[in-house]
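K.L.:
Need a 3D model of the following:
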Amino acid sequence: MAHQMDPALIREIRAIPGNEACVDCASLNPQWATVSYGTLICLECSGQHRSLGVHISYVRSVTMDSWKDKEIQLMRCGGNKKMRDFFDRRGVPNNHRISAKYNTPDAGWYRDKLKAEVEGRPAPPEPAKQAMPANAHRGDPNGKERLEGESDNEYIARQTKLRDEAKARMAAKFGGGGMQGLGSDA
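P.N.:
Okay, the predicted model is just below:
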């Protein structure tokens, strides 16, 4: 049966080690989850996870979506630190693109292992360790992810510039008042 997560359950899941920040970009207080990995993610990373397809990453809102009991069990068995530790041990760096990290044999094994754990089955054998491709590092200058070697000030300046450019495009398209919809500053 599917139901909303009650506040006590949300607190329980947030208290799992590492779940105070997005597993992929470390943004605080993530509001989304990739049930497939039992981890919490931020809104921006949730969009990238959704683009991977539900067979790779099944994404739910912690507060807005209904949850099945099995999905909640996956979240209880998972945790951001647990997955991050596994990725670190297997040589899957956190500074790689989401699409590169989650389309690896290691990510597939972790997903299958977590599901087996919840279902009470033995975990599948770990895949042979493989090196990540050199071109898997973050490198989209128009994306939210920090570029390789980018300092905090450079990252903030680039994100501010992207935001300002987006505001200018919106003003050009919809006029100086923007869209003036729900949640707008107007």
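K.L.:
For the chain, which segments count as strands?
P.N.:
With DSSP state E as the criterion, the chain has strands at 2-3, 32-34, 39-41, 59-61, 67-68.
K.L.:
which of those strands sits most buried?
P.N.:
Ranked by mean neighbour count, those are led by strand 39-41 with a mean of 28 (mean count of other C-beta atoms under 10 Å). (Each C-beta comes from the backbone N, C-alpha and C, glycine too.)
K.L.:
Check what contacts that one and list those residues.
P.N.:
Strand 39-41 is contacted from outside by 13-14, 19, 22-24, 30, 32-34, 49, 59, 62, 78-80, 83, using C-beta atoms under 8 Å, 6 or more residues apart in numbering.
K.L.:
run the last query once more with 6 Å
P.N.:
Contact with strand 39-41 is made by 19, 22-24, 30, 32-34, 78, 80, 83, as judged by C-beta atoms under 6 Å, 6 or more residues apart in numbering.
K.L.:
Show the pLDDT at residue 148.
P.N.:
pLDDT for residue 148: 68.
K.L.:
check contacts around residue 98.
P.N.:
By C-beta under 6 Å, 6+ apart, the contact set of residue 98 is 24, 48.
K.L.:
follow-up on the earlier one: for the strands of the chain, which has the smallest mean pLDDT value?
P.N.:
Of all the strands of the chain, the minimum mean pLDDT falls on strand 2-3 (a mean of 86).
K.L.:
what comes up buried for the longest helix anywhere in the chain?
P.N.:
Longest helix of the chain, by residue count under DSSP state H: helix 152-174. In terms of neighbour count (16 or more other C-beta atoms under 10 Å), helix 152-174 has its buried residues at residue 158.
K.L.:
Count the residues that sit near the nearest residue to residue 13 once chain neighbours are set aside.
P.N.:
Distances taken as C-beta to C-beta, 6 or more residues apart in numbering place residue 75 nearest to residue 13, at 5.1 Å, with adjacent residues excluded. When neighbours are counted by other C-beta atoms under 10 Å, residue 75 registers 27.
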